[in-house]
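Visitor: predicted model follows, preceded by the sequence.
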Amino acid sequence: MNRFYIVVIALFMVGPAAVPAFAQCATNPSGNQTTVDQTSWCVADLCARSAARLFPDYTPQGNAARENYRRACLRAHNLPAPNGQASVSK
């Protein structure tokens, strides 16, 4: 019985930490402007985070690949993004 309580307490302690960060990005059915703006910022943040996770190196090529991925992600979610591809700077 003590093991059961330990497992339950552990789940309550770890549960909130296991919730993904993008859970707050859910859209509100009311569709007011504040919710739309918040959702846009949240999706842009998720695009930047996923780009940083996929391309963690900070070489000029890695920076360009990360920026290109971020731009493609923004375009895929119908958010404004700079035109063209990012160039490799030296």
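Guide: Good, I have the coordinates. Numbers count the residues shown, from 1 in each chain.

Visitor: got the buried residues for stretch 37-45?
Guide: Of the residues in stretch 37-45, those scored as buried under the neighbour-count criterion (16 or more other CB atoms under 10 Å) are 39-40, 42-44. In short, each C-beta sits where N, CA and C put it, glycine included.

Visitor: which among the residues you listed gets closest to G84?
Guide: Relative to G84, the closest of the buried residues of stretch 37-45 is A44; by CB to CB it sits at 18.4 Å.

Visitor: on that earlier part again, mind checking which of the buried residues of stretch 37-45 land in helices?
Guide: Among the buried residues of stretch 37-45, the residues falling in helices (DSSP state H) are 39-40, 42-44.

Visitor: picking up where we left off before, now distance to L54 and pLDDT too, for the buried residues of stretch 37-45, in JSON lines please.
Guide: Putting those into JSON lines (distance: CB to CB, whole Å; pLDDT from 0 to 100) gives the following:
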{"residue": "T39", "distance to L54": "22", "pLDDT": "87"}
{"residue": "S40", "distance to L54": "21", "pLDDT": "89"}
{"residue": "C42", "distance to L54": "19", "pLDDT": "93"}
{"residue": "V43", "distance to L54": "16", "pLDDT": "93"}
{"residue": "A44", "distance to L54": "16", "pLDDT": "93"}
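
Visitor: shaky segments in this protein?
Guide: Filtered on pLDDT under 70, the chain yields the residue ranges 1, 4-5, 7-34, 90.

Visitor: need the helices for it, in chain order.
Guide: Counting by DSSP H, residue ranges of the helices within the chain are 2-18, 33-54, 60-76.

Visitor: what's the longest one packed up against?
Guide: What it means is helix 33-54. helix 60-76 (3 or more CB pairs under 8 Å, 6 or more residues apart in numbering; DSSP states H and E).

Visitor: which helices and strands does the helix it packs on pack with?
Guide: helix 33-54.

Visitor: relative to helix 60-76, how tilted is the helix it packs on?
Guide: Between the axes of helix 33-54 and helix 60-76, defined by axes from the mean of the first three to the mean of the last three CA atoms, to 10 degrees, the angle is 150 degrees.

Visitor: hmm, back to that, please identify the deepest-packed of the helices of the chain.
Guide: Burial among the helices of the chain, expressed as mean neighbours by mean count of other CB atoms under 10 Å, is greatest for helix 60-76, which shows a mean of 16.
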